[in-house]
Each structure stands twice: as C-alpha cells, then as structure tokens.
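Visitor: compute the structure for the input listed below.
(one chain, ligands or ions: 1)
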Amino acid sequence: MTSDGVPQRAGNNLDPWYANYADRAAGFAASEVRALFAVASRPEVVSLAGGMPYVSALPQELITSAFERTMREQGPVALQYGSGQGIPSLRSHILEVMALEGIRNASVDDIVTSTGSQQALDFVAKLFLDPGDVVLAEAPSYVGAMGVFRSYQASVVHVAMDDEGLIPEALRETIAVLRGQGRRIKFLYTIPNFHNPAGVTLSAARRPEILEICRSNEILVLEDNPYGLLHFDEPAPNALRSMDPEGVVYLGSFSKTLAPGFRVGWALAPHAIREKLILAAESAILSPSSFSQLVVSEYLSEADWRGQIDAFRGVYRERKEAMVEALGEYLPQLSWTDPNGGFYVWVTLPDVLDSKQMLPRAVRELVAYTPGTAFFADGRGRHAMRLSFCYPTPEQIRVGIRRLATVVNGELDL
Ligand code: PMP
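Guide: This is a model prediction of the structure:
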C-alpha cells in the first residue's frame, strides 16, 4: 500500500510500468511458440504451422482494377470516415455471400462490418463478458478466440467433439455441471464448418439439437464461420444462424475467401445486439476502413467472385489430398482428420510423444507445425498437433511430412 492508499503491485525490472497495468492485461499472453515461429518462417523451413491463405492464387488484375475504380469513382468516400456499421453497398454483397450458407432471412441492417472477423469477436466478447464468466467452446478451439476471451478475464470451458463436430450430450452435461457450480455461461463459441484446428464439420443432424440445447438454457450461440465456403466436395450444411436468427450471432470474413490483407469481416446479429455492436465499433475505431470496404465491394460487384472461390477450393483440395496421402505414406502409425474443406488437419500422436517438446527438433529438421496445446485452455493437447495445408505447395507438403516422419520416428526410437 502506498501512503495515499493505492495498492502497489510487485515491480518488474524489464518493465517499469508493470505495476500499473489493468488486471485484464494479464490475459494478453504471447503464444508460447511464437519465438519458434520466427525461426520457422525461414525459407528453408516447410511451415505447416500458420493459417495463411494462398493469396497468390487470386486474380491480381481484378483486384487492381477494383482498387483503381474505387479511387476514380469514389475517391472522396474511400478516403473519408464512414459509418460505424459499415458501408451499405458492401453489406448488400455480404447478404449474397451469406445466402450461399443458407442465410436468407437477414437484412442489410442486421450486419455490422469489422476489421476482420477477429475484431467482431472482440466486440462480442466486450459486450458480453465480465471477469469470471464462462464461454463454452469446442475441444480444441481457435487459439485467437480464446485469447480474446482471456483478455476479458473469462474462462473457456471445453465441450467434447468427434468426427461430426460438437457432441450434443457433452454440451448438455457441461452446462448442467457448470450451472450446478453456480457459474455464469455467457455463450457457446463454435466453428461449425471445417473447424480450426480440428478440421471437422458439425453434421446437419446435430445442428438443430445444439441450437435447441442453447435456446432452452438461454445461452447465446456465437457462430464463427470463416471457412464455410471452402468445401472440397459437398457444401457444408446450412449455417446455424439460418435456423435461429434470434439466438445466434454469426461471424463472417473475407480473409479466407478473398484476402486477409483487406481486414474485412462482419457480424450478423439480432437487432438489439447489433445496436450495441455498432456502439462498440464507434467507441473503439469510429468506423472500419472505408477504403478496404469499398475495394472489396467493387470487387464483388465486378468480378466472378463465386468462380474465384471455386478456384481456391481447387487449390486447397489438391493440397489437402497431398497432405493426407503423405501422412498415409510416411506416418501410418498416427491418426488424423480428413477434412472436407478449410485449411487444417488435426493429427493425434501416440501418448509417448509430446508435440510441444518435439517442436524444436522439428524445426531443426526444417519443418514446423502448431502443437495441440495452443488450442486448449486447460493444458490438454500435448499428444496432438495442427497441420495447415493452405500455404505450401503439394510438393512442399510432401517434403514437410517426410521431415515430420523423421522427427516422429526419431522420438519414438528414444
Ligand atoms: N475465426 C477463425 C476460426 C479463424 O481461423 C480466424 C483466422 N485465422 C479468424 C476467426 C479471424 O479471421 P479474420 O480476422 O482474418 O477475419
């Protein structure tokens, strides 16, 4: 305690301001594997770690012409502040995109654009989470969302999933246990399609059941769907939002279907929540980038964006096949998910292997992956890893998996 009664926290030699940080800043933890990823970005390393879309496959000339048209025809608007809710023309295009996910019961007024869907995630968390609140999420879940929830001092409680996605019975039981403990559950965060990191899709049969469980327990559903249109054969089942407009906040993004550099995503929310999201956006950023939104909107007006997403599907399908084939050839002793879309394969290792402890050895062998522990809030995941097939070429993927086999076999011989 100082003389004026202000409690003092322990200092820190490296940061003189340490004692002044808000409690929530303790949740801003750098990923344990960030340092290794810096090494893994060396060109000689095959990185199966990140989730970077293969933007080189985009029709660069069409994007350049959208950019030029924007400046020529709408320069003063593009260079100006805009509305906190987002540019209306873009929001109309977003309705067309979401119709492909079965969402036909929405209006442009219900959409709020954001700086990537990551920011919409942050705004939803800011609106709903108090310290100590619980967010339910699949086991495993998206590392970037768990970081957001932690930054609002909420706890993530995982719910089991299998090859058909979140398990309804496990959801029911988890809710009952938490309620029995007097915990406050604020929402279910779920990635129903081509899950990051698990690679699985919530089956059509389970979707109404999951919604019904949440509805009857008065738990909001936060549906995060950046990969939904990137299917390899069958399209994903209709979005949860299409079945329950009042109980679901839906998050979408142009990062995976177009390019993450635009940083354009959105939330589709029930009326009252949408109003609060606009206020959150206005207070945080005044308005999302007019420029980015207009270029994306121009691109969607003029280009064959459906055909371009189809081209992406072809690229990613080929890479996924290369990865699954190479796993079968070089690492038949492991098991893995075989996704029908998206960017990721989830690999389960024998219990004697620890993916985090094995990573430095992998990087020495010039291959990188993300250890499973990154995707759990409760320390699980040591015997699993996420492999991304989105960025490396099929040939690089084969080389990477062959190197990984050297690492795994080396560890198993110890
Ligand atoms: N949700 C999931 C599941 C993701 O994988 C990502 C990006 N890796 C995001 C949200 C955030 O994407 P963005 O902010 O680029 O839209």
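
Visitor: drop to CA atoms for contacts and neighbour counts, all remaining ones
Guide: Fine.

Visitor: what about the helices in the stretch 51-200 of the chain?
Guide: Assigned by DSSP state H, counting those that start in this stretch, the stretch 51-200 of the chain shows helices spanning 60-78, 88-99, 116-128, 143-151, 168-180.

Visitor: now render these as TSV, adding distance to the ligand, mean pLDDT and mean neighbour count.
Guide: Converted to TSV, the helices of the stretch 51-200 of the chain look like this (distance: least, Cα to the nearest ligand atom, whole Å; pLDDT from 0 to 100; neighbours: other Cα atoms under 10 Å):
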stretch	distance to the ligand	mean pLDDT	mean neighbour count
helix 60-78	18	96	15
helix 88-99	14	98	18
helix 116-128	3	98	21
helix 143-151	7	95	20
helix 168-180	20	98	15
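
Visitor: what would those look like in a markdown table with distance to residue 52?
Guide: Converted to a markdown table, the helices of the stretch 51-200 of the chain look like this (distance: least, Cα to Cα, whole Å):
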| stretch | distance to residue 52 |
| --- | --- |
| helix 60-78 | 17 |
| helix 88-99 | 21 |
| helix 116-128 | 14 |
| helix 143-151 | 14 |
| helix 168-180 | 31 |
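
Visitor: and of these, who's closest to residue 383?
Guide: The closest of those to residue 383 is helix 143-151. By Cα to Cα, the value is 16.8 Å.

Visitor: quick one: residues in contact with that closest one.
Guide: 24-29, 118, 121-122, 125, 129, 135, 155-156, 374-377 (Cα atoms under 8 Å, 6 or more residues apart in numbering).

Visitor: again, but for stretch 198-205
Guide: 140-141, 162-166, 192-195, 236-238, 337-346, 386.

Visitor: buried subset of these?
Guide: Among the contacts of stretch 198-205, those classed as buried by 16 or more other Cα atoms under 10 Å are 140-141, 165-166, 192-195, 236-238, 337-346, 386.

Visitor: tell me which residues touch residue 40, please.
Guide: 46-47, 363, 366-368.

Visitor: of these, list those near the ligand.
Guide: Among the contacts of residue 40, no residue sits close to the ligand (Cα under 6 Å from any ligand atom).

Visitor: give the buried subset of those as a ChimeraX selection command.
Guide: In ChimeraX syntax, the buried subset of these is picked out as below (16+ other Cα under 10 Å):
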select :46,47,363,366,367,368
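
Visitor: got a markdown table for the contacts of residue 40, with distance to residue 325, pLDDT and secondary structure too?
Guide: Shown next, in a markdown table, are those (distance: Cα to Cα, whole Å; pLDDT from 0 to 100; DSSP: H, G, I helix; E, B strand; the rest coil):
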| residue | distance to residue 325 | pLDDT | secondary structure |
| --- | --- | --- | --- |
| 46 | 17 | 96 | strand |
| 47 | 18 | 94 | strand |
| 363 | 22 | 93 | helix |
| 366 | 20 | 96 | coil |
| 367 | 17 | 96 | strand |
| 368 | 18 | 95 | strand |
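
Visitor: can you give me the strands for the stretch 301-414 of the chain?
Guide: Under the criterion DSSP state E, counting those that start in this stretch, the stretch 301-414 of the chain carries strands at the ranges 335-336, 344-348, 367-368, 370-371, 384-388.

Visitor: phi and psi next, for the residue of the stretch 301-414 of the chain found nearest the ligand.
Guide: Closest approach between the stretch 301-414 of the chain and the ligand, counting by Cα to the nearest ligand atom: residue 343, at 8.8 Å. When read as degrees, to the nearest 10, the backbone of residue 343 gives phi -120, psi -10.

Visitor: mind showing which ranges of the stretch 151-300 of the chain have poor pLDDT?
Guide: Along the stretch 151-300 of the chain, no part satisfies pLDDT under 70.

Visitor: spell out which parts of it neighbour the ligand.
Guide: 196, 224, 226, 253, 255, 260, 265.

Visitor: just those residues now: which is nearest residue 319?
Guide: The closest of those, once distances to residue 319 are taken by Cα to Cα, is residue 196, at 16.4 Å.

Visitor: got CSV for the contacts of residue 40, with distance to residue 319 too?
Guide: As requested, the contacts of residue 40 are exported to CSV (distance: Cα to Cα, whole Å):
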residue, distance to residue 319
46, 14
47, 13
363, 21
366, 19
367, 16
368, 16
